[in-house]
Each structure stands twice: as structure tokens, then as C-alpha cells.
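> Got a predicted model here, sequence first, then my questions.
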Amino acid sequence: MQRVIDRKLYDTDRAEQIAQHAPNTDRGDFYYLIETLYKTSGGEYFLHGEGGAATKYAKPCNGGGTTGGAEIKPLNEEAALDWCEEHGIDGEIVVDEFGHLIET
């Protein structure tokens, strides 16, 4: 997925995948949800999320109701670390990526 935000290109195919949170991967489920944290070659973080009709990624349908959707959200380094902590991302991954921000 590609998205231009504030005149910057965020591309999931060209960025490095750091971590993924996928509590429900059944695309037929209204609660389907996958979020992936990426890092661009320029060192910027972004979150790609997609989900079913009953998730925060839902989009309105013509005539009412919702359908699944996807979005990209740029994150600063602190917000990326917060996302990892909130979603229980493996400590080794977090330390490798954000060790300079973590107290030991």
C-alpha cells in the first residue's frame, strides 16, 4: 500500500517491517485486524493497519453500514515505541529497534 501524507511517500513494499500485531487474521470476520509497524529508508516510522467492518479501520458504505478498510499513519519514534509496548511486541525486537530509548 502506498499513501502520500504531508508530501511524503509511505510505501509498505519499500519500507522495513519492524513488528506486527495480528489478533484476528480471518478476513471474513468483522473483527479482522492486522497492524504492522514499518520504518522507511529515511528512518521514519509508520503504522499500516487494516481491519474489518467492526474495527477502527472500518469505512462507511454507500447506503449505510460499514466495510473493512486500511490506512497508514506516520508515527514519531516515541509513538512507535509506545505502540510496541501497548501491543506486547517481543522485547528483543523492541530493544533492537529502540534500545537507546529504554532504561536498563
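It's in. None of the values given here were measured: they were computed from a predicted structure. Residues are numbered from 1 along each chain as shown.
> my read: Gly52 touches Tyr31, true?
Yes. The pair Gly52 and Tyr31 qualifies as a contact (CB atoms under 8 Å) at a distance of 5.6 Å. For glycine as for every other residue, the C-beta is placed from the backbone atoms N, C-alpha and C.
> Spit out the residues that contact the two alike.
Asn24 (CB atoms under 8 Å, 6 or more residues apart in numbering).
> The two: which is more packed in?
Per other CB atoms under 10 Å, whichever of Gly52 and Tyr31 has more neighbours is Gly52, with 20 against 12.
> And the pLDDT for the residue nearest to that one when sequence neighbours are not counted?
Nearest residue to Gly52, sequence neighbours excluded (CB to CB, 6 or more residues apart in numbering): Tyr32, at 3.8 Å. On the pLDDT scale, Tyr32 is placed at 95.
> just Thr104 next, same as before
77.
> Which parts of the lengthiest strand in the chain count as buried, going by neighbours?
When the chain is parsed with DSSP state E, its longest strand is strand 16-24. For strand 16-24, burial by neighbour count (16 or more other CB atoms under 10 Å) applies to Ile18, Ala19, His21.
> Quick one: list the elements packing against it.
strand 33-39, helix 91-98 (3 or more CB pairs under 8 Å, 6 or more residues apart in numbering; DSSP states H and E).
> please redo it, this time with the cut-off set to 10 Å
Counting contacts by 3 or more CB pairs under 10 Å, 6 or more residues apart in numbering; DSSP states H and E, strand 16-24 is packed against strand 33-39, strand 45-51, helix 77-86, helix 91-98.
> what's the angle between the third one and strand 16-24?
Using axes from the mean of the first three to the mean of the last three CA atoms, to 10 degrees, the inter-axis angle of helix 77-86 relative to strand 16-24 is 40 degrees.
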